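Enquirer: need a 3D model of the following:
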Amino acid sequence: MKNLYTLKKYFIKYKSKLIWGFLFILLSNAATVYLPILLKDAVNLLQTKTTTETLFHYGVMIVGTSLFAGVFRFLIRQSIIVVSREIEYDLRGDFWQHIQNLPTRYFRDTATGNIMAHATNDINAVRMFIGPAVMYSIDTVIRFSLVIIIMFKISVYLTLYALFPLPFLSVLVYFVGKKIHDRFTKIQEKFSELTTRAQENYSGIRVIKSYVREQGEIADFKVLSKEYMLKNMSLARVQALFQPILFLITGVSVIVVIWLGGMQVIRGKLLLGDITALIIYLGILIWPMIAFGWVINIIQQAEASMARLNRIFAEQESSNEGTKADYSKETITGEIEFRNAAFEYSAGKKRILENINLKIPAGSTVAIMGHTGSGKTTLVNLLPRLYDVTEGELLIDGIPINLIPLDVLRTNIGFVQQESFLFSDTIANNIAYGLDTFNKDSVSRASSIAQFDKDARDFPKGYETIIGERGITLSGGQKQRAAMARAIVLNPAILILDDSFSAVDTSTEEDILKNLKEFMKGRTSILISHRVSTVKDADKIIVLADGRIAEEGTHDELLEYNGIYADIYTKQLLEKELEEIS
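Expert: Next up, the predicted model:
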């Protein structure tokens, strides 16, 4: 139960409703246990002389008490079950907020389907504990206590015999509860695998169809589905055994009362109404016994699910601002400096960046080149703190980057990443995604700079065209230009273009660079590209090799150096000449 204890703050928030729910349970059960007393008295009266008026009186009392119990049973659900839905809403919101604030590292190491499983199955399992389990736990304890007290008043002898099988129930619950917990944990883990596989298939459906792998994926999914089914069947077998044993134990109690109680009535030691009441009370106890087993089942499942959720909540959020962050800083000018900076994705792994010393004056344009895997993208990912340097320092405007509030840092950086991600929304909303308030003129201007305005207007509904999941209706070049417009519209102090022209033809690239030349005046701009034509006009060009700065200088200086940059330039010239000849 230690994992479920973390729900304490939610229970405190809704304590007034829960207290009312507890009161309604008490009143409902008081009426429920009073019914057999009325029946006992009515049956006992039937053995003596009685009148129609007396029977009518008992009939009205029984109906009235039943209605009283029913009304408060309704109010129980309107309080406790409603609270469970409200806590589910809060928990889901807290989970979503926490997920949004987790560092990029977490999403690199965790499958999307696994996160989806947490957000659906696990939260629902916890909600079942908050509502039905809490409600029936309290209900069972109160009802059981009241019934046992009244049964003892009727006959201590019969009550003791009736309760004799119950210790066996406790042993059963202990062993079965442990099995349910273990098996449900395995079910949730397998469900995460299944969800991950489904999500990957949906996202990569075009690759699957291109390589004619539909049947292979169907076969693999069937294997996972069967494993998931078998684990559910394993749990179902335990549950299927649990319920009949509960009925058996309570059934034995009823048989004992009927047999021994009948003997007591024959001998004149008990009245017929007394034995009738005892049998009814045992019938009333059957549901608490069943509910007890069901609640144990729910608690074990919720415990397993909450343990999985707590592992995510234990993940440190990406802000790490602490109390040292300078919250008075609202803007940045764009001076960037790396001091002996190094980075590795995991402790003890190979360093992706090593001994980076680089100063980029505010308002200047720096280009980064290098072969695949040299660390170009990793370097620029450090600027918006998608990752943090693991050694050395990174400063913005002379301030260590971790002292700048994240929202200030990121709203001043326009970042066009290698893989352009667009949402299933309108073109306009995708471009204006980073704006607090939508501005049609700003969207149009940014699109014009990125050479995307004409493309957007050519769609049937113009900027209001919904582009589908991940921008599926756009070409690769259109996606890149839309993503570029999204960064430009922010009017950022620092603009990062990470290989943002790879899917754009050279003619369009030249037009965009011409537009960007004016836009980048006074801004710190970082261009990553494999094309020399893209970077040759930069104030400084950095060449990375194996995570280190191998060369730096202007286009002409690097050509004179005759190193990696000059080699890339020569090869691209030859490729261009061969294209012109062909």
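
Enquirer: in this structure, which spans are strands?
Expert: All strands of the chain, identified by DSSP state E, fall at 336-343, 353-360, 365-370, 391-396, 399-400, 413-416, 494-498, 524-528, 540-545, 548-553.

Enquirer: so which of the ones you listed is nearest residue 221?
Expert: strand 494-498 (34.6 Å; Cβ to Cβ). Where you see a C-beta, it was placed from the backbone N, CA and C, and this is true even at glycine.

Enquirer: the closest one - contacts with which helices or strands?
Expert: If contacts are counted by 3 or more Cβ pairs under 8 Å, 6 or more residues apart in numbering; DSSP states H and E, strand 494-498 sits against helix 376-381, strand 413-416, helix 476-488, strand 524-528.

Enquirer: from residue 273, how far off is residue 152?
Expert: As judged by Cβ to Cβ, to the nearest Å, residue 152 and residue 273 stand 17 Å apart.

Enquirer: the more surrounded of these two?
Expert: residue 273 (21 against 14; other Cβ atoms under 10 Å).

Enquirer: does the more buried one touch residue 36 like I think?
Expert: No - if you go by Cβ atoms under 8 Å, residue 273 and residue 36 don't touch, sitting 9.4 Å apart.

Enquirer: anything in contact with each of those two?
Expert: Counting by Cβ atoms under 8 Å, 6 or more residues apart in numbering, residue 273 and residue 36 have no shared contacts at all.

Enquirer: for the spatially closest residue to residue 227 that is not a sequence neighbour, what are its contacts?
Expert: Spatial nearest neighbour of residue 227, chain neighbours left out: residue 190 (5.9 Å); criterion: Cβ to Cβ, 6 or more residues apart in numbering. The neighbourhood of residue 190, defined by Cβ under 8 Å, 6+ apart, consists of 224, 227, 228, 231.

Enquirer: can you tell me how far the second one is from residue 118?
Expert: Counting by Cβ to Cβ, the gap between residue 227 and residue 118 amounts to 19 Å.

Enquirer: who's more crowded, those two?
Expert: For the pair residue 227 and residue 118, the greater number of neighbours falls to residue 118 (21 against 14), based on other Cβ under 10 Å.

Enquirer: contacting residues for the more buried one?
Expert: So residue 118 contacts 95, 192, 308, 309, 312 (Cβ under 8 Å, 6+ apart).

Enquirer: not counting sequence-adjacent ones, nearest residue to the third one?
Expert: Going back to what we said before, that points to residue 308. Residue 308 sits nearest to residue 122 (Cβ to Cβ, 6+ apart), 5.4 Å away.

Enquirer: how many neighbours does residue 471 have?
Expert: Residues near residue 471, counting by other Cβ under 10 Å: 21.

Enquirer: before we move on, what about residue 8?
Expert: Residue 8 is flanked by 9 other residues according to other Cβ under 10 Å.

Enquirer: same question for residue 203.
Expert: Residues lying near residue 203 (other Cβ under 10 Å) number 13.

Enquirer: got the contact list for it?
Expert: By Cβ under 8 Å, 6+ apart, the contact list for residue 203 reads residue 470.

Enquirer: for the remainder of this discussion, apply numbering that starts at 576.
Expert: Sure thing, new numbering starts at 576, so read that last one as residue 778.

Enquirer: quick check: phi and psi at residue 979.
Expert: When quoted as degrees, to the nearest 10, the phi and psi of residue 979 stand at phi -90, psi 130.

Enquirer: brain fart, residue 921
Expert: Note on residue 921: backbone dihedrals following degrees, to the nearest 10 are phi -140, psi 150.

Enquirer: next one: the most centrally placed residue in the chain from residue 984, what distance?
Expert: The centre of the chain sits closest to residue 694, judged by Cα atoms, centre = their mean, with a distance of 3.9 Å. Plainly put, residue 694 is 28 Å away from residue 984 if you go by Cβ to Cβ.

Enquirer: list the buried ones in stretch 925-934?
Expert: 926, 927, 928, 929, 931, 933 (16 or more other Cβ atoms under 10 Å).

Enquirer: ah, wrong one, I meant stretch 692-701
Expert: For stretch 692-701, the neighbour count (16+ other Cβ under 10 Å) marks 692, 693, 694, 696, 697, 698, 700, 701 as buried.

Enquirer: now, the residues you listed that are in helices?
Expert: 692, 698, 700, 701 (DSSP state H).

Enquirer: list the contacts for the last one?
Expert: Taking Cβ under 8 Å, 6+ apart, we find residue 701 in contact with 579, 582, 663, 666, 877, 880, 881, 884.

Enquirer: how about the fifth one: what's its closest non-neighbour residue?
Expert: If you skip the residues right next to it in sequence, residue 877 has residue 704 as its closest partner in space, 3.4 Å away by Cβ to Cβ, 6+ apart.

Enquirer: hmm, that neighbour is touching residue 579, no?
Expert: Yes - look at residue 704 against residue 579 with Cβ under 8 Å: they come within range, at 6.4 Å.

Enquirer: higher neighbour count, those two?
Expert: Per other Cβ under 10 Å, whichever of residue 704 and residue 579 has more neighbours is residue 704, with 23 against 18.

Enquirer: coming back round to it: what sits against the residue nearest to residue 877?
Expert: Counting by Cβ under 8 Å, 6+ apart, residue 704 touches 579, 873, 874, 876, 877, 881.

Enquirer: all good on my end, thank you.
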